[in-house]
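**Student:** Sharing a model that was predicted from the sequence below.
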Number of protein chains: 2
Amino acid sequence: MSQMIGKQSISFKQCPYILSSGSVAGKKEGEGPLGKCFDMICQDDKFGADSWEEAESTMQKEAAALAMGKAHVKPEDVRYVFAGDLLGQTIATSFGIMNYNIPLFGLYGACSTAGESMSLAAMCVAGGYADLVLAMTSSHFASAEKQFRFPLEYGNQRPVSATWTVTGSGAFLIGTSKSHVKITGVTTGRIVDYGIRDSMNMGAAMAPAACDLIAHHFEDFQRKPEDYDKIITGDLGYVGRQILLDLLKEKGFDISGIYTDCGIEIFDKDTQGTDSGGSGCGCSAITMSAHFLPHIEKGVLKRVLFVPTGALLSTVSFNEGQNVPGIAHGVVLEYEE
Amino acid sequence: MSQMIGKQSISFKQCPYILSSGSVAGKKEGEGPLGKCFDMICQDDKFGADSWEEAESTMQKEAAALAMGKAHVKPEDVRYVFAGDLLGQTIATSFGIMNYNIPLFGLYGACSTAGESMSLAAMCVAGGYADLVLAMTSSHFASAEKQFRFPLEYGNQRPVSATWTVTGSGAFLIGTSKSHVKITGVTTGRIVDYGIRDSMNMGAAMAPAACDLIAHHFEDFQRKPEDYDKIITGDLGYVGRQILLDLLKEKGFDISGIYTDCGIEIFDKDTQGTDSGGSGCGCSAITMSAHFLPHIEKGVLKRVLFVPTGALLSTVSFNEGQNVPGIAHGVVLEYEE
């Protein structure tokens, strides 16, 4: 009767459903390959606010409004919000969703927060604790650069291994009512530290965590790569993609035919100057919401493993010479007729 | 059959138990009124580490080891950790618990994280997702001052409304095996903003959130103050205490006879110069672990409402002129023979 399977996974007996989602993107993301898919693109990356942080909060507010609006539900119908972002003390989340007055579980899993929020939201609904919850995350290029790197005005150069933080926020309304997309299981990640110390190479820092997660997922669910139509990581980018494929091959898994990464999908690296690809909580959230979810809803993709990845560092830990460990959280999304 | 009650609470059908806990405290906390209760007191607030942040990580590691050791369980027996701290990108947690290799749900709820982690841990166990999980948090006076205020060397003056961040980490092992302390319910907080802008008066910023939580808790569970032996907030301190009592009186609840605050219990303000009292995630965690939990275990306290409170700010949000909203999370702990 247990829903626990293997060492770190859950297979839901009563599956929760994704009822709707909302995606808000910045100007650059709107100019990329997925530009036509996003619900809202703002030509002003400040979203009418006075600061980058407030702009990010505004995106969360809008993404939640879109998800709720599409499903015709009001904030008072939503029992919990599971949300987080990349900023210190997750202020984009606090000031973004405050006015909805929904009980909040604040999360921090770096860029893996999209997977963490969806996992906990699904567990909450499947556990009988709520009929309707929101899982949401955001990131903003300018607030992230300010938080983690240099002031934009400094115009620092970027190595080709660097990723470009996506300006975007994605919200998912998860509940007990049926839809065409159900969450059938989750695999929760452990912190994996490969000793990477280059904060400009997040792909390398996170790929080992994605590998650990995916390998344990296969083991726990007793599945193979062929059991999935797509395996989608969050923001490994081109550098991390290759490392992940190599590491998984060493463990005997070849996922190259079905593998992609939200950070690779969201930008055109040849014309957009985004180096290794997109990153940030918003990257996986809006790419899933706007690009992959509609394919699952239509049954084009029948079973998908969504694996947002996060790099666990702060400027303090980095400046104190700590490594950049990674974490990943896996969510299984399946089509239901 | 539902476990949901009212607008924001859960009453567990199968209650999870607190099997053990561990408390690690700093030197000053060891000199306070609860000094004899803590499992471990370190005379060196750097805990042998090179930085304040590493010291805080070391405390988390030790607190988890203590909790697991007391219950004779190994890290591989623990299915999930629910943990967080106050630092940007919650680095004390990431680097503290990394080596245990336990799947992690990273949390941020400011000082309310002790309640948030216990709530989600209890929901996880009661939902059938795990037999054994860890809920833990930490704070450190020096890493928090560095994060939120001034370098220690600056020697800034403190107003009497200021609280003193507790150096400490508390870990709780929660599971399905029976013990004398069960978690019978949780009430999850919403963000409450009373327009406070003084980051040196956290008590005033958080008291309205505690009031909102406690009032909704009474409503959801259809209980009155008399139904509790103690109602214990996290770190409102002397200033916040009075505001909370006044606000609840306006709503028709008089909790003055059974109310206390971990921030008031942990220091002797007359001799320790701690102004309004202790604060930080570690304050409520170690005061609950070392002081109140043994009273519940012995049946001296039969039913307790534990309400850790958090102030949602960062130096960025504060410097950009944002308010300091609050949040609180409530957990009901009951004695079982």
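**Tutor:** Looks like it arrived, so ask away.
**Student:** going forward, measure contacts and count neighbours with C-alpha atoms only.
**Tutor:** OK.
**Student:** Near the nearest residue to residue A:139 once chain neighbours are set aside, how many other residues are there?
**Tutor:** Spatial nearest neighbour of residue A:139, excluding adjacent residues (C-alpha to C-alpha, 6 or more residues apart in numbering or on different chains): residue A:282 at 4.8 Å. Per other C-alpha atoms under 10 Å in any protein chain shown, the neighbour tally for residue A:282 reads 38.
**Student:** just checking, what packs against the helix or strand where residue A:282 lies?
**Tutor:** Assigned by DSSP states H and E, residue A:282 belongs to helix A:281-287. Judged by 3 or more C-alpha pairs under 8 Å, 6 or more residues apart in numbering or on different chains; DSSP states H and E, the packing partners of helix A:281-287 are strand A:17-25, helix A:113-126, strand A:132-139, strand A:168-175, helix A:262-265.
**Student:** and those as a markdown table, adding mean neighbour count and mean pLDDT?
**Tutor:** As requested, those are exported to a markdown table (neighbours: other C-alpha atoms under 10 Å in any protein chain shown; pLDDT from 0 to 100):
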| stretch | mean neighbour count | mean pLDDT |
| --- | --- | --- |
| strand A:17-25 | 27 | 98 |
| helix A:113-126 | 29 | 98 |
| strand A:132-139 | 32 | 98 |
| strand A:168-175 | 32 | 98 |
| helix A:262-265 | 26 | 98 |
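**Student:** Would you reformat those as a markdown table and include distance to residue A:335?
**Tutor:** Listed next are those as a markdown table, based on distance: least, C-alpha to C-alpha, whole Å:
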| stretch | distance to residue A:335 |
| --- | --- |
| strand A:17-25 | 10 |
| helix A:113-126 | 16 |
| strand A:132-139 | 19 |
| strand A:168-175 | 15 |
| helix A:262-265 | 20 |
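**Student:** out of these, which comes closest to residue B:325?
**Tutor:** strand A:132-139 (19.6 Å; C-alpha to C-alpha).
**Student:** After the closest one, which helix or strand is next?
**Tutor:** Remark: after strand A:132-139, the chain's next helix or strand is helix A:141-148, criterion DSSP H and E.
**Student:** Neighbouring strands - and their directions - for the helix or strand just after that next one?
**Tutor:** Using DSSP H and E, the helix or strand that follows helix A:141-148 towards the C-terminus is strand A:164-165. For strand A:164-165, the paired strands and their directions (DSSP bridges) read strand A:278-279 (parallel).
**Student:** Tell me which residues are up against the strand it pairs with.
**Tutor:** Strand A:278-279 is touched from outside by A:111, A:163-166, A:234-237, A:262-264, A:266-267, with contacts defined as C-alpha atoms under 8 Å, 6 or more residues apart in numbering or on different chains.
**Student:** just those residues now: which is nearest chain B?
**Tutor:** Closest to chain B out of the contacts of strand A:278-279 is residue A:111 (10.8 Å), distances taken as C-alpha to the nearest C-alpha.
**Student:** Dump stretch A:13-31 to PDB, restricted to CA.
**Tutor:** Extracted C-alpha coordinates of stretch A:13-31, given in PDB (Å, rounded to 0.1, in the frame of the first residue of the first chain):
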ATOM      1  CA  LYS A  13      -1.700   6.100  -5.600                       C
ATOM      2  CA  GLN A  14      -4.100   8.900  -6.300                       C
ATOM      3  CA  CYS A  15      -2.400  11.100  -8.800                       C
ATOM      4  CA  PRO A  16      -2.700  14.900  -8.600                       C
ATOM      5  CA  TYR A  17      -3.300  16.800 -11.800                       C
ATOM      6  CA  ILE A  18      -1.900  19.900 -13.400                       C
ATOM      7  CA  LEU A  19      -5.000  22.000 -14.000                       C
ATOM      8  CA  SER A  20      -3.400  25.000 -15.600                       C
ATOM      9  CA  SER A  21      -0.200  27.000 -15.700                       C
ATOM     10  CA  GLY A  22       0.900  30.500 -16.400                       C
ATOM     11  CA  SER A  23       4.100  31.800 -18.000                       C
ATOM     12  CA  VAL A  24       5.500  35.300 -17.900                       C
ATOM     13  CA  ALA A  25       8.700  36.100 -19.800                       C
ATOM     14  CA  GLY A  26      11.100  38.900 -20.400                       C
ATOM     15  CA  LYS A  27      11.800  40.700 -23.700                       C
ATOM     16  CA  LYS A  28      14.800  38.500 -24.700                       C
ATOM     17  CA  GLU A  29      13.000  35.300 -23.900                       C
ATOM     18  CA  GLY A  30      10.100  36.600 -26.000                       C
ATOM     19  CA  GLU A  31      12.500  37.000 -28.900                       C
END
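**Student:** got the residues of the stretch 101-250 of chain A near chain B?
**Tutor:** A:101-110, A:116, A:123-124, A:127-130, A:188-192 (C-alpha under 8 Å from any C-alpha of the partner chain).
**Student:** Just the strands from the stretch 201-337 of chain A, written as ranges.
**Tutor:** For the stretch 201-337 of chain A, the strands defined by DSSP state E, counting those that start in this stretch cover A:230-233, A:259-261, A:278-279, A:303-307, A:309-311, A:326-328, A:330-335.
**Student:** With respect to residue A:50, which of those lies nearest?
**Tutor:** Comparing these by C-alpha to C-alpha, strand A:278-279 comes nearest, at 23.9 Å.
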